[in-house]
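could you look at this predicted model? Sequence included:
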Amino acid sequence: MPSPRTHDRDWTATSERAVIGVEGAGVRWARGQSPAEDPWLGVWTYAAWDFAPADRRRTVVLGYPVPHLVVFRGQITVCGVSTLRHTNELRGTGSVLAVELRPGAMAALFGERDAAALVDRTVPVAHWTGDRDAADLSDRLTGQTVPADMAALLAGRLAEYRREREPVWARDVLEAVLVPGRYRQVREAANRNDLSIRSLQRLFHTYVGTGPKAAMRRCRILAAAAALVRAPDPWTRVASQFGYFDQPHFINDFSRGLGITPAAFAAECRRARSAGDAELRRARPRGRPPGPRREAG
């Protein structure tokens, strides 16, 4: 059920890769793609903040349905697929980098062939790399402030663990299934990829962690939220756009995923956009800019 809140959240950091809401300003966001030559690391998201001691910012995050490699306060962890949204409180000064591990990456990099065992769990990367290598990687990241450089460093270091015989075809099939709105049902996704439903489910649990139905639903919610951030009105249009047959089904999935109805979410986005437009108007110089000076003839 939607949870009570004291004031609007800023959802502008939301994209098809994650829904992110922050109560208040002051968090800097960046997002990018891991090096193109890396076959197993995907999109990265970076946040940094510097608050006064008494300041707090509550955040809500609903992530993309794959495991993530997370760098936070000098620690590197692997976070399995989360079945629920995360609510956190940011304080002080800090930053966090989250890098998507594409389907099959856990097997390709670490030999981990049971991604389902990581669902809703956070495990130190040292579990697979060993304490010495994990500490070395953490030391290399210390002092880095450019997220793209951090992602490139991770990609280069983790490439040393790569197994050569991992099923790239499975990664490609699973990523195709995760495209929002491409398939309306699991049966259609399986048939279009020449798989039985059971085989597709097995691939998802082995290489992603969650089942195809839950993963497809998550991607539809993320895409719908991103569409509402871009254009809040009318919110009703996004249901059919991303594979929902009726609005009640869409409202239920959206509300369970984000703790807020799509109508309320769109209203918060609309108010945030209006506030931003008002701020731009206040910052804009009044009157016409002076033209070139004309010399007297």
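Yes, it's here. No experiment lies behind these values; they were computed from the predicted model shown.

from residue 180, how far out is residue 222?
7 Å (C-beta to C-beta, to the nearest Å). For glycine as for every other residue, the C-beta is placed from the backbone atoms N, C-alpha and C.

next one: residue 30
23 Å.

of those two, which one has the most company?
Between residue 30 and residue 180, counted using other C-beta atoms under 10 Å, residue 180 has the larger neighbour count: 20 against 14.

show the contacting residues for that one.
Residue 180 sits next to 16, 219-220, 222-224, 242-243 when contact means C-beta atoms under 8 Å, 6 or more residues apart in numbering.

how about the secondary structure of it?
coil (DSSP: H, G, I helix; E, B strand; the rest coil).

work out for me the element the closest residue to it other than its chain neighbours sits within.
Spatial nearest neighbour of residue 180, excluding adjacent residues (C-beta to C-beta, 6 or more residues apart in numbering): residue 223 at 3.7 Å. Under the criterion of DSSP states H and E, residue 223 resides in helix 212-230.

and for residue 108?
Using DSSP H and E, residue 108 sits in helix 105-110.

again, but for residue 250
helix 247-258.

what's the neighbour count on residue 20?
Using other C-beta under 10 Å, residue 20 has 24 neighbouring residues.

element containing it, please.
Judged by DSSP H and E, residue 20 forms part of strand 18-22.

repeat for residue 87
Going by DSSP H and E, residue 87 is part of strand 86-90.

got the angle between that strand and strand 18-22?
Angle, strand 86-90 to strand 18-22, by axes from the mean of the first three to the mean of the last three C-alpha atoms, to 10 degrees: 40 degrees.

run the chain-centre distance for the helix holding residue 223.
Relative to its chain's centre, helix 212-230 lies at 11 Å (C-alpha atoms, centre = their mean, to the nearest Å).

ok, now stretch 116-127?
With C-alpha atoms, centre = their mean, you get 18 Å for stretch 116-127.

buried ones in that stretch?
For stretch 116-127, the neighbour count (16 or more other C-beta atoms under 10 Å) marks 116, 118-119, 125-126 as buried.

make a markdown table from those and add secondary structure and pLDDT to it.
Shown next, in a markdown table, are those (DSSP: H, G, I helix; E, B strand; the rest coil; pLDDT from 0 to 100):
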| residue | secondary structure | pLDDT |
| --- | --- | --- |
| 116 | helix | 96 |
| 118 | helix | 97 |
| 119 | coil | 97 |
| 125 | coil | 96 |
| 126 | helix | 96 |
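
right, and the pair among those residues with maximum separation?
116 and 126 (21.5 Å; C-beta to C-beta).

separation between residue 136 and residue 130?
Residue 136 is 10 Å from residue 130, by C-beta to C-beta.

nope, residue 24 is what I meant
40 Å.

more neighbours, the two?
Each of residue 24 and residue 130 has its neighbours counted (other C-beta under 10 Å); residue 24 has more, 16 against 11.

next, count neighbours for the nearest residue to the more buried one once chain neighbours are set aside.
Leaving out its chain neighbours, the residue that sits closest to residue 24 by C-beta to C-beta, 6+ apart is residue 57, at 5.1 Å. For residue 57, the neighbour count with other C-beta under 10 Å is 18.

what are the phi and psi angles of residue 57?
phi -130, psi 120 (degrees, to the nearest 10).
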